[in-house]
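Engineer: Sequence and predicted model, in that order:
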Amino acid sequence: MSDTGPTDWDHFGALVSPATIQCLQRSTSASRIRHYQVNLVPAMCQTADYTRALMTGTFECADEQVESFLDMRSRYRQVVEGCPRLQVVLDEAVVRRRIGGRDVMRGQVQELIALGQGPRLELRLVRFGSGAHVGLRGSFVHLTAADGSKDDLVYREVDGLDVARDGDHAARDVADFDRLWKLGLGGADLWDFLRGLW
């Protein structure tokens, strides 16, 4: 994956960290995206109402910033929809935390079900009953290089900072994701669980 060439992500630099911009850029050419999230619905899966509630309630963004985040989320979603393989694992806290109220969460959970039952996204959920697991170290995204090189990228939130790591450093994160994937609830059991939440 290469960072060279023009990109339209740079104008979001006032909203997000350089590591986030790097992740957005490299997502464009990824052959596989693995995303684990411990706290929030990943941007690629968020409804507009969820994003608005998150940006105003958590990050105290002004209306103009919220609209910019919505634009960024929409563009990112278009990019990842073209990825050949997209896997997402969520911690149960993600779907239990009330962001924006019951109606917003009901809409968000319905969106997760629709995406997970569609052709592009594979979805799993790690239940609270799983106890301590490697995912509690924090959320991360692993991007696999389309050319089969070792030029993978891992974007991880560490102690409140966004960190992007290349290549060989990604091996542990891939192993962590595979463990979380095996631990997660999926298929019909997951859809039944989600429908019963909100």
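Structural biologist: That came through, no problem. Everything numeric here is computed off the predicted structure, so don't read it as measured data. Numbers count the residues shown, from 1 in each chain.
Engineer: For the rest of this, base every contact and every neighbour count on C-alpha atoms.
Structural biologist: OK.
Engineer: show me where pLDDT drops low in the protein?
Structural biologist: 1-7, 148-150, 157-162, 164-169 (pLDDT under 70).
Engineer: which residues of the protein fall in helices?
Structural biologist: Assigned by DSSP state H, the helices in the chain fall at 18-27, 48-57, 63-81, 92-96, 102-117, 171-183, 187-195.
Engineer: Next, the contact list for the nearest residue to Leu123 once chain neighbours are set aside, please.
Structural biologist: Among residues not flanking Leu123 along the chain, Val88 sits closest, at 5.0 Å (CA to CA, 6 or more residues apart in numbering). Contact analysis of Val88 by CA atoms under 8 Å, 6 or more residues apart in numbering lists 34-37, 121-124.
Engineer: distance of His133 from Gly118?
Structural biologist: Here the criterion is CA to CA, to the nearest Å. By it, His133 lies 28 Å from Gly118.
Engineer: that older thread, identify whichever of the helices of the chain lies nearest to Asp8.
Structural biologist: When those are compared by CA to CA, helix 18-27 sits nearest Asp8, at 8.7 Å.
Engineer: In CSV, list the C-alpha atoms belonging to the closest one.
Structural biologist: Extracted in CSV, the C-alpha atoms of helix 18-27 (Å, rounded to 0.1, in the frame of the first residue of the first chain):
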residue,chain,number,x,y,z
PRO,A,18,-2.1,12.2,11.2
ALA,A,19,-2.3,8.5,12.0
THR,A,20,-6.1,8.6,11.2
ILE,A,21,-5.4,10.3,7.9
GLN,A,22,-2.8,7.6,7.1
CYS,A,23,-5.3,4.9,7.9
LEU,A,24,-7.9,6.5,5.7
GLN,A,25,-5.4,6.8,2.8
ARG,A,26,-4.2,3.3,3.0
SER,A,27,-7.8,1.9,3.3
